[in-house]
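Asker: I'd like to go over a predicted model; first the sequence, then the structure.
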Amino acid sequence: MSSSLMLRRVFLATALTGVVVLATGCNAGSATSSGGTAAATAAGASVTTTPAATTPTAANRAQAGSRGSNTQAQPAGTTPKRIAACPTRYLKVRPGVSQGTAGSVYQVIDFTNIAQTTCTLYGYPGVSLAGGSPVHQIGPAATRNTTGPRALVTLAPGATGNVLLRITDAGNYPAAQCHPTAAQYLQVYPPGQTTPIYVAYTSTACAGTVGLLSVSALQPGSGSAS
């Protein structure tokens, strides 16, 4: 065999041996990696993986927003308890100061809370002259004098509110139109109430259609006729 042929065979054998060794090494490395993971899992070690990034869905965003809103929400405020209107039985009604002018009398009427509970009055009372037996209303009830403001008046126990009643002199009208009649009382309905209080008061009423009375809205305190 020639020397050149001998050298080619040796070179070919060497190359094949390197390929075999390289392949064996690659397989061994792969087996070692798999075997190491399996062995670690079998030994009880935890294998940590990093989850892929996710994009929140609309539902997730809405849920997150809802949780945030609930966390920041403040409790709703409470509504203060409303104080009830004064029923007739809570009130003492009496005439206050009065002042006569040409053709009229201005009479203050006081409303005092005689109960142990705070209550309120608002607006106009119903007022008329009354008399007879049994006691009955004489003539039309007072009209409303709207020149003054209306206000909610809160009466603590013992506190007083007032109205100003104007009584026109019945003598200003012809007797045939007025039908003058003696009155012994003021019939007073507190604002918003249907039970009257009768206050002793001597006057001359008109039993016909002539209206003699007008009354202001209720105001706090004991009033003045001026």
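Answerer: The structure has been received and is ready for your questions. Remember, predicted model here, so these are calculated numbers, not experimental data.
Asker: relative to residue 122, how far out is residue 210?
Answerer: Using Cβ to Cβ, to the nearest Å, one gets 29 Å for the distance from residue 210 to residue 122. C-betas here are computed from N, CA, C, even on glycine.
Asker: make that residue 140, sorry
Answerer: Note on residue 140: its distance to residue 122, by Cβ to Cβ, is 23 Å.
Asker: residue 130 now?
Answerer: 24 Å.
Asker: ok, residue 106 next?
Answerer: 22 Å.
Asker: once you drop chain neighbours, what's closest to residue 181?
Answerer: Spatial nearest neighbour of residue 181, excluding adjacent residues (Cβ to Cβ, 6 or more residues apart in numbering): residue 207 at 4.3 Å.
Asker: quick one: contacts for the one you found?
Answerer: 138-139, 178-181 (Cβ atoms under 8 Å, 6 or more residues apart in numbering).
Asker: ok, and the most crowded of those residues?
Answerer: Neighbour tally across the contacts of residue 207 (other Cβ atoms under 10 Å): the maximum, 24 neighbours, falls on residue 138.
Asker: ok, that one touching residue 130?
Answerer: Yes. Counting by Cβ atoms under 8 Å, residue 138 does reach residue 130; the two are 6.0 Å apart.
Asker: identify the contacts common to the two.
Answerer: Listed as contacting both residue 138 and residue 130 by Cβ under 8 Å, 6+ apart are residue 183.
Asker: sorry, back to before: out of the contacts of residue 207, what pair is the most spread apart?
Answerer: The most widely separated members of the contacts of residue 207, counting by Cβ to Cβ, are 138 and 178 (10.9 Å).
Asker: intersection of neighbour lists for the two?
Answerer: Residues touching both residue 138 and residue 178 (Cβ under 8 Å, 6+ apart): 206-207.
Asker: which SSE is immediately downstream of the worst-scoring helix or strand of the chain on mean pLDDT?
Answerer: When the helices and strands of the chain are scored by mean pLDDT, DSSP states H and E, helix 58-72 comes last with a mean of 40. Using DSSP states H and E, the helix or strand that directly follows helix 58-72 along the chain is strand 91-101.
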